[in-house]
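Colleague: return a 3D structure for these sequence lines:
(one chain, ligands or ions: 2)
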Amino acid sequence: MSQKAIIFDLDGVIVDTAKFHFLAWKKLANDLGFDFTVAQNEELKGVSRVDSLNKILNWGNKQLTEEAFNRQMQLKNENYLSYVDRMDKGEVLPGVQKVLDYLNENNIPYALGSASKNARHILEKIDLKDGFTAIVDGTDVSKAKPDPEVFLIAAEKLNVAPEDCIVFEDSVAGIWAANKGEMTSIGIGEEKTLYEADYIFSDFTEISIEFLKNLLQK
Ligand code: B16
Ligand code: MG
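Modeller: Ligands and ions are numbered 1, 2, ... in the order given. Below you'll find the model as predicted:
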């Protein structure tokens, strides 16, 4: 049996920073004189900062000069980080620690595969940085999800074949990326959104150690 490994997305999987991204993007749109819906926000999950702003401006039918675009990205990030700064270990989503404990106790390597350029900072805030064998985030990739690059780099750093990697993801873009990378994809969220995942759970409290063990032994 070959060595298996786990790759975790961050926002929406380990912590619910998606709610902070939403608040910060909403403020940006409102300041520019328009709004977008919760359903539209779903399309921003897992998507890079630049791609997110392009989508939002498109929804509001707005065009910005390159300078104004960069300024808006900076303002959004500062606003987002003001929420992140209030985070601590209590923000780790229910059931996640139980899975991490199992992986640590059984020496199963795990990596982070996040689109966020703030991922390392967030992991430090929630005190989980040390357990990861590898961290791959928005600062390490040239192609954003749904491109599988972030997960393929993580697999390489874990020294595990892509098909032996199991990816936990909350976004459609991330599930596509994992599937394109020929990894096992596990969606965390709603079936109606994540139906292309190999397995779907509403959150980590629904994932039993028995299920994980079976998957790791396949
Ligand atoms: P940042 P993930 C993604 O993180 C978020 O889901 C997405 O909404 C965000 O735009 C992206 O990170 C970039 O984040 O602005 O912090 O660099 O879900 O891939 O962990
Ligand atoms: Mg996510």
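
Colleague: point out the residues in the protein that sit beside ligand 1.
Modeller: With the criterion set to CB under 6 Å from any ligand atom, the chain comes near ligand 1 through 9-12, 18, 21, 44-49, 52, 77, 114-118, 138, 171. C-betas here are computed from N, CA, C, even on glycine.

Colleague: same thing but 8 Å
Modeller: Residues of the chain found near ligand 1 (CB under 8 Å from any ligand atom) are 9-13, 17-18, 21, 44-49, 51-52, 76-77, 80, 112-119, 137-138, 145, 150, 169-171, 174.

Colleague: off-centre distance for the helix or strand of the chain with the lowest mean pLDDT?
Modeller: Taking mean pLDDT, DSSP states H and E as the measure, the chain has helix 38-42 as its least confident helix or strand, at a mean of 92. Relative to the centre of its chain, helix 38-42 is centred 16 Å away, using CA atoms, centre = their mean, to the nearest Å.

Colleague: list of residues touching that helix?
Modeller: For helix 38-42, contacts defined as CB atoms under 8 Å, 6 or more residues apart in numbering pick out 22, 25, 59, 172, 193.

Colleague: now secondary structure, neighbour count and distance to residue 208 too, for the residues you listed, in JSON lines please.
Modeller: Listed next are those as JSON lines, based on DSSP: H, G, I helix; E, B strand; the rest coil; neighbours: other CB atoms under 10 Å; distance: CB to CB, whole Å:
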{"residue": "22", "secondary structure": "helix", "neighbour count": "17", "distance to residue 208": "30"}
{"residue": "25", "secondary structure": "helix", "neighbour count": "22", "distance to residue 208": "35"}
{"residue": "59", "secondary structure": "helix", "neighbour count": "14", "distance to residue 208": "40"}
{"residue": "172", "secondary structure": "helix", "neighbour count": "22", "distance to residue 208": "25"}
{"residue": "193", "secondary structure": "helix", "neighbour count": "17", "distance to residue 208": "23"}
